[in-house]
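> here are the coordinates; sequence isn't available:
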């Protein structure tokens with residue numbers, strides 16, 4: 001189940017969407033300005049609290065596409081996500097493992113947030129949980145939430161729900177993911193809560209939960 005917890009933490013940065021006020025474009029809630037830095041505290045039902053630091057780097061071109069690299073630093077590793085935008089929203093164009101790895105283009109696009117930013121906007125994405133492909137549905141549930149985290153209190157946040165489930169062949173059980181995320185305008189992600197569950201026939205259901213909260217933000 002430790003693997004599920006790691007997957008849940010990674011999903012935060014694979015799926016990151018954002019939003020906060022009716023009629024605003026997706027980028028307002030997934031800001032790409034160079035130098036912005038977010039520090040998140042992590043708590044879970046497993047021992048070993050950590051922190052994640054996310055930084056927007058200078059825009060660049062990658063295979064002819066204008067992207068903003070986001071550097072993700074966590075104890076024991078560094079990863080880069082190359083963020084792009086189009087008329088549909090903000091999405092992950094590529095990713096890179098470590099400082100010296102080569103960027104890998106992601107197909108199909110993984111949208112963090114789609115336009116319009118409004119209640120009921122929904123889209124699907126697919127991610128890996130272990131060896132299984134998990135189809136995840138993302139829905140904007142509300143656009144007026146008040147969220148309090150260590151970095152402060154944020155009003156008019158958008159709440160997103162992620163939900164996915166896959167059954168293993170041959171009655172081998174099932175994997176599921178349920179997550180909620182809250183985004184503030186011109187800030188981005190301020191809080192997320194993930195729960196990953198695994199059920200195997202004849203065994204008790206196992207679950208991992210993890211919460212990220214914004215601890216500090218440099219605009």
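Nice, I can see it. The structure presented is a predicted model; accordingly, all values stated were derived computationally and were not measured. Residues are numbered from 1 along each chain as shown.

> Does residue 194 touch residue 177 like I think?
Yes: the criterion here is CB atoms under 8 Å, and residue 194 meets it with residue 177 at 7.0 Å. To be clear about C-beta, it is placed using only N, CA and C from the backbone, and glycine gets the same treatment.

> Can you spell out which helices and strands pack onto the strand of greatest length in the chain?
Using DSSP state E, we find that the single longest strand of the chain is strand 132-149. In terms of contacts (3 or more CB pairs under 8 Å, 6 or more residues apart in numbering; DSSP states H and E), strand 132-149 is packed against strand 122-129, strand 152-167, strand 174-184, strand 188-199, strand 206-218.

> now do 6 Å
Strand 132-149 sits against strand 122-129, strand 152-167, strand 174-184, strand 188-199, with contacts defined as 3 or more CB pairs under 6 Å, 6 or more residues apart in numbering; DSSP states H and E.

> For residue 27, give me the backbone phi and psi.
Phi and psi for residue 27, reported as degrees, to the nearest 10, are phi -60, psi -20.

> ok, now which ones touch residue 81?
The contact partners of residue 81, by CB atoms under 6 Å, 6 or more residues apart in numbering, come to 70, 92, 95.

> could you dump those to CSV with pLDDT?
Shown next, in CSV, are the contacts of residue 81 (pLDDT from 0 to 100):
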residue, pLDDT
70, 98
92, 96
95, 97
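
> Just the ones in strands from these, please.
Counting by DSSP E, the contacts of residue 81 contribute 70, 92, 95 to strands.

> Please consider this matter closed, and thank you.
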